[in-house]
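Visitor: predicted model and sequence follow; I will ask about them next.
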Amino acid sequence: MHSSRRAFLSVAAGAALWPLAARASAAPLRVVATTGMIADTARQIGGDLTEVQSLMGPGVDPHSYRQTRSDIVALTRADLVLRHGLYLEAQLEELFSRLSKRVTVTNVGEAVPKDQLLAHADYDNKYDPHVWMVPTLWAHAADAIRDTLIAAMPDQSDRFRETAMAFRSQLDQLDAYARAMLSTVPEPSRVLLTAHDAFGYFGRAYGWEVVGIQGISTESEAGLNRIADLVDMLVTRRIGAAFVETSVSDRNIRALVEGAAARGHELRIGGELFSDAMGPPDSYEGTYIGMIDHNVTTITRALGGTAPERGMLGRLAAGT
């Protein structure tokens, strides 16, 4: 902790040589986002008026992520910092508290109205942060990003409003696709079993039962009793598929598969879902739209529903 604080102070002192006022008015805004979902949304709205860097890439777990020295350099030199909030970046709380005294920091996930948030099962006054799982909820985060960009470049407000409206249209299309595809899964099969409880908003929005082996945070552990209870449930209800996540170890899912097999029940791995991180850079799955399209299409096809193999726009990688 002391070494990271010294590193922050050292870099922050150097960053004083890079004040916002020194940025040429024609130069793109330097934007640093914590997660890929935030970064992609900022790029969609900001376009060539922004240079967006994401701290966390594919397969990175934001619940446990800790800053590197290069992260601190990027953050202190940024014009704007976009983080999720809702305690998603739990290990970066102190860093952002200090950073907010010198750089504009926006908690975009906290733009979702509180009456639409799911309470955290284990902590008072904290909420499930995984709001990006539902496009209509993510629209609030997109609006917060739009407003932050407008505040930084008011002369470009019309352009930011136009690009944000176009992105909102894509979110509406994605939500309609999700509702249509997921409704083709037979009702008894609408059970989403995953490694950690990242799909609560998804389940509420689309009428699915969601079972996470771990809690909302990947920092929690699934005990042997929890695994045994889940094996009993999936054997009794004849649940046929579970899903692994790109940013979470598949250890617990594999334990369920083995436990079910010992009881004479076959539990398949229905596919890999993007939960807390997106797909590879420069791929369709490496965009917010592609990430959710992949998840909806994979879940639907694995559990007996009907969805096009290549997804909503025909852009998913073959074999989804």
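Guide: Yep, it's here.

Visitor: so who does residue 292 touch?
Guide: Neighbouring residues of residue 292 by CB atoms under 8 Å, 6 or more residues apart in numbering: 133, 135, 174, 178. (C-beta placed from N, C-alpha, C; glycine too.)

Visitor: the residue positioned nearest the centre of the chain in helix, strand or coil?
Guide: Centroid-nearest residue in the chain, with CA atoms, centre = their mean: residue 276, separated by 4.2 Å. Assigned by DSSP: H, G, I helix; E, B strand; the rest coil, the conformation of residue 276 is coil.

Visitor: out of everything not next to it in sequence, what's closest to residue 188?
Guide: Nearest residue to residue 188 in three dimensions, chain neighbours excluded: residue 237, at 7.9 Å (CB to CB, 6 or more residues apart in numbering).

Visitor: report how many residues lie close to that neighbour.
Guide: 12 (other CB atoms under 10 Å).

Visitor: that one against residue 189, yeah?
Guide: No - the pair residue 237 and residue 189 does not pass the contact test of CB atoms under 8 Å, sitting 9.7 Å apart.

Visitor: any idea how this structure splits into domains?
Guide: With domains defined by automatic domain parsing, the chain comprises 2-178, 183-302.

Visitor: want to throw those domains into CSV with distance to residue 311 and mean pLDDT?
Guide: Converted to CSV, the domains of the chain look like this (distance: least, CB to CB, whole Å; pLDDT from 0 to 100):
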stretch, distance to residue 311, mean pLDDT
domain 2-178, 8, 88
domain 183-302, 4, 87
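
Visitor: out of these, which comes closest to residue 309?
Guide: Nearest to residue 309 among the domains of the chain is domain 183-302; the distance by CB to CB comes to 7.4 Å.

Visitor: can you get me a residue count around residue 92?
Guide: 19.

Visitor: what's the closest non-adjacent residue to it?
Guide: Nearest non-adjacent residue to residue 92, counting by CB to CB, 6+ apart: residue 67, 6.0 Å away.

Visitor: what do you get for residue 133?
Guide: residue 202 (4.2 Å).

Visitor: any idea which element that neighbour lies in?
Guide: helix 200-206 (DSSP states H and E).
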